[in-house]
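**Student:** got a predicted model here, sequence first, then my questions.
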Amino acid sequence: MTGSGQPTAPPTAALVDLRSVSKSFGHNKVLDGVDLSVQSGEVVVVIGPSGSGKSTLLRCINFLAPPDSGEIWFDGRPWRAPRHGYNVVRSYREQRELVKLRAEVGMVFQHFNIFPHLTACQNVMLGLTKVAQLGRTEAEAKAHEQLGRIGLAAKVHEYPDRLSGGQKQRVAIARALALAPKLMLFDEVTSALDPELVGGILAEMRKLAVAGMTMIVVTHEMRFAFEAADRVIFMDEGRIIEQGPPEQFRNPRHERTRTFLKAIVE
Amino acid sequence: MTPAYHFDWGVVFANIGGLAKGLEITLEVALVGMAVALLLGLPVAIARLGRFRLLSWLANVYTQVLRGVPLFVFLFWVYYGIAALLSIALKPFTAATLALGLTGSAYMAEVYRGGLQAIDPGQREAALAMGLNRAQAFRSVILPQAARIILPPTVNVFVGLLKGATFVSVIGVADMFYLAQIVSLRTFTPFELYSVAGLVLVAVTTAVAGFVFVLERRLSRGRVAI
Amino acid sequence: MLLGGFRLAMLIALAAIVLAVLAGLVVALMRLSPWAPLRWIAFVYTQLFRGIALYVLIIWVYFGLAVAAGVNVAPIPAGILTLALLNSGYLSETFRAGILAVDRGQREAATALGLTPVQSFRSVIAPQAMRVVLPATGNQLVDAIKDSAILSVIGVPELLHETQRLAQFYFRPFEFYTIAGGMYLVAVFVVSFLFRILERRLAHESPVRMPRGRLFGWRGVFPGTPTPGDIEPTR
């Protein structure tokens, strides 16, 4: 229950702190006691085979997939998974609490998930008007600015079906950034893109990293990991197998990491 | 039966005002029934898709039963059955709109459900991830997209209700057939009035059905800004 | 007496659907014919019977046309004919879609094997179209059962007609109409169930069940469940 959410003193200076977080879907244990702290301004790249729990890890942080057990601290206070599914009033309060968290955590998805019934501009404006409670004109100005910064000034009023995959993903990034999040989650954001469009999106992400954004990036692009990450994490079967600075992954310590890296380089 | 039937189209013109009034009543029954169906169908669909097991089960039973019982039988059940059970006298018009509306709501619930399920779950995820609450995500992201999918089958449900509204005279709603029945008892000219009433209704249902056809083509062609 | 009415309703619906399947098939083939006037006639036929309400048609046929032409059709044949006409309109569309759903390559392959058009339709196209068409035919039978209640207005002594009689006789409308509603419901469920089994038989595999999407839960969030794939030959 988040009602007891008196901001307690953070035990560390970390922006995000996961403590033995576990999550199962049915009998399938997707996360198995994961501990992870991310400092403010840090860029963490998460790699691992598919089904290793990387995506679920991201979804636990903003409770899109609430963890079954463990603690999640963000910005100095613990956040709890909804527990009162059948109590409408308490469930409503819990969801309202989570909205505060999600407004401060931006997320970009593999399949873009931009809203096809809204123009690029309206996609960005939705969060500004509904979540940040800005007026229409102010929101529109901010949306234009945000889209311009990511190179979409000419496409502001286009509907998503007139945009390329890369442009859609840019809209998605702008949509998340517009709310000035403290943390950005990237979930294999280049996996669904044509190869020639991958570089552009990675470049935007690098810019963001340089600007000091705290980021957790799930990706298969080792190039990005070497260039932009402060720390790389290798996950397999719901656990963190190995973590360290990117250089460590040029010559990983664990056999499984080595096999995986060899497989994706080929 | 007289082998030589004497045609007398004059009876149609003599009753043209009554026929128009009857058509109006048929359309009214269908439209009011549709309004009930539209309003009632959405909560049923949401209950069906929701996480409350009991509500979901009840919604399922509601749709299955109402879709399984013929509207024609349901109409009698509402008009005679309910009235006898509660010892109240329902007006024929009220009973007709109620029967059409409830049956329609079961069909609309399925239409809504289909539309809502057709939306990529990622859409809802993205909406929640950016901090919209569940109601906002539903209203601003899911519903507008589902509306596009829902539109053609919704008009189909309306066509169904329109067809259903043709037989409400059996419980005494004063539509075109009611008039035809009464007049032909007096003048023995059933063919003319029934034909005109029938043709008018065929024209109305075909027009609406044709509208669905065009709509489906338009919508399948590409994005329609909503 | 209720059971007698129930049995008659089932027989009428079944007879109507058998006729409708035959007529629907002919109309569907006409719509796919290379000869344009045949296509137009079939198109008008389909649109007309899909657009018209059963109540309108039965009243018109029984009270109007019969009186005007001086022919006296018995209620039961008139009812069966009307139901058959209406359903053949819907079924012809279904059959057309089913035939068109079979891959072009299948027809080409059959022709290349040296089968005549009739042979290729019978042994290659029709069995494959069957899988597409069967569920819709089942729905049509369900509709015919439900629609048969309307035949009470011309005096066919089917379930609703008997119910009305008894309800009036015993002054127990709620009980009788509820029982009648229940009987229709049972018939509808049984027929749907039988068709689902038949479908499964034809598919030679358990049908792919889509997970129940949960709008407000988390289960629908993870896609990746297989969707029913291409139509496979059923032999």
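**Tutor:** Sure, I can see it. Numbers count the residues shown, from 1 in each chain, chains lettered A, B, ... in the order given.
**Student:** going along the chain, name the helices of the chain.
**Tutor:** Since no chain was named, I'll use chain A. Taking DSSP state H as the test, the helices found in chain A are A:54-61, A:88-104, A:120-130, A:136-149, A:165-177, A:195-210, A:222-228, A:255-265.
**Student:** look at chain C instead
**Tutor:** C:2-31, C:36-51, C:54-59, C:66-69, C:75-101, C:104-112, C:117-120, C:126-147, C:159-170, C:173-203.
**Student:** surely residue A:65 meets residue A:59?
**Tutor:** Yes - in this structure residue A:65 lies within contact range of residue A:59 using C-beta atoms under 8 Å: 3.8 Å. The way it works is simple: take the backbone N, C-alpha and C, and place the C-beta from them, glycine included.
**Student:** check the helices of chain C for me and report the most buried one.
**Tutor:** Counting by mean count of other C-beta atoms under 10 Å in any protein chain shown, helix C:54-59 has the highest mean neighbour count of those, with a mean of 25.
**Student:** lowest average confidence, helix or strand, in chain C?
**Tutor:** helix C:66-69 (a mean of 73; mean pLDDT, DSSP states H and E).
**Student:** so does that helix get close to chain B?
**Tutor:** Yes - shown here: helix C:66-69 in contact with chain B (C-beta under 8 Å from any C-beta of the partner chain) through C:66, C:67, C:68, C:69.
**Student:** between the helices of chain A, which one is nearest to chain B?
**Tutor:** Between chain B and the helices of chain A, the shortest separation by C-beta to the nearest C-beta is 3.4 Å, and it involves helix A:88-104.
**Student:** ok and the closest one relative to helix A:54-61, angle-wise?
**Tutor:** 110 degrees (axes from the mean of the first three to the mean of the last three C-alpha atoms, to 10 degrees).
**Student:** which of residue A:65 and residue A:59 has more residues huddled nearby?
**Tutor:** residue A:59 (25 against 22; other C-beta atoms under 10 Å in any protein chain shown).
**Student:** pLDDT at that one, what is it?
**Tutor:** pLDDT recorded at residue A:59 is 93.
**Student:** so which residue is dead centre in chain C?
**Tutor:** residue C:140 (2.1 Å; C-alpha atoms, centre = their mean).
**Student:** rewinding a little: as TSV, the helices of chain A with distance to residue C:136 would be great.
**Tutor:** As requested, those are arranged in TSV below (distance: least, C-beta to C-beta, whole Å):
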stretch	distance to residue C:136
helix A:54-61	39
helix A:88-104	40
helix A:120-130	39
helix A:136-149	47
helix A:165-177	37
helix A:195-210	43
helix A:222-228	51
helix A:255-265	47
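**Student:** which residue is the nearest non-sequential neighbour of residue B:127?
**Tutor:** Once flanking residues are discounted, residue B:127 sits nearest to residue B:137: 3.7 Å by C-beta to C-beta, 6 or more residues apart in numbering or on different chains.
**Student:** now distance to residue C:105 too, for the residues of helix C:66-69 next to chain B, in TSV please.
**Tutor:** Shown next, in TSV, are those (distance: C-beta to C-beta, whole Å):
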residue	distance to residue C:105
C:66	51
C:67	54
C:68	52
C:69	50
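**Student:** which helix or strand in chain A has the lowest average pLDDT?
**Tutor:** Lowest-scoring helix/strand for chain A, mean pLDDT, DSSP H and E: helix A:88-104, at a mean of 86.
**Student:** and the angle from that one to helix A:120-130?
**Tutor:** Using the same axes, to 10 degrees: helix A:88-104 against helix A:120-130 is 130 degrees.
**Student:** give the buried residues for helix A:88-104.
**Tutor:** A:90, A:91, A:93, A:94, A:95, A:97, A:98, A:99, A:101, A:102, A:103, A:104 (16 or more other C-beta atoms under 10 Å in any protein chain shown).
**Student:** near chain B, from those residues?
**Tutor:** For chain B, the contacts drawn from the buried residues of helix A:88-104 by C-beta under 8 Å from any C-beta are A:95, A:99, A:102, A:103, A:104.
**Student:** quick one: pLDDT of residue B:224?
**Tutor:** 41.
**Student:** before we move on, the earlier item: contact partners for the closest residue to the residue nearest to the centre of chain C other than its chain neighbours?
**Tutor:** The spatial neighbour of residue C:140 that comes closest, neighbours along the chain excluded (C-beta to C-beta, 6+ apart), is residue C:87 at 5.3 Å. Applying C-beta atoms under 8 Å, 6 or more residues apart in numbering or on different chains, we find residue C:87 in contact with C:16, C:17, C:20, C:24, C:140, C:143, C:144.
**Student:** between the buried residues of helix A:88-104, which is closest to residue A:263?
**Tutor:** residue A:102 (34.3 Å; C-beta to C-beta).
**Student:** quick one: the helices in chain B?
**Tutor:** Using DSSP H, helices in chain B cover B:10-14, B:16-49, B:53-68, B:71-76, B:83-86, B:92-118, B:121-129, B:134-136, B:143-164, B:176-187, B:190-221.
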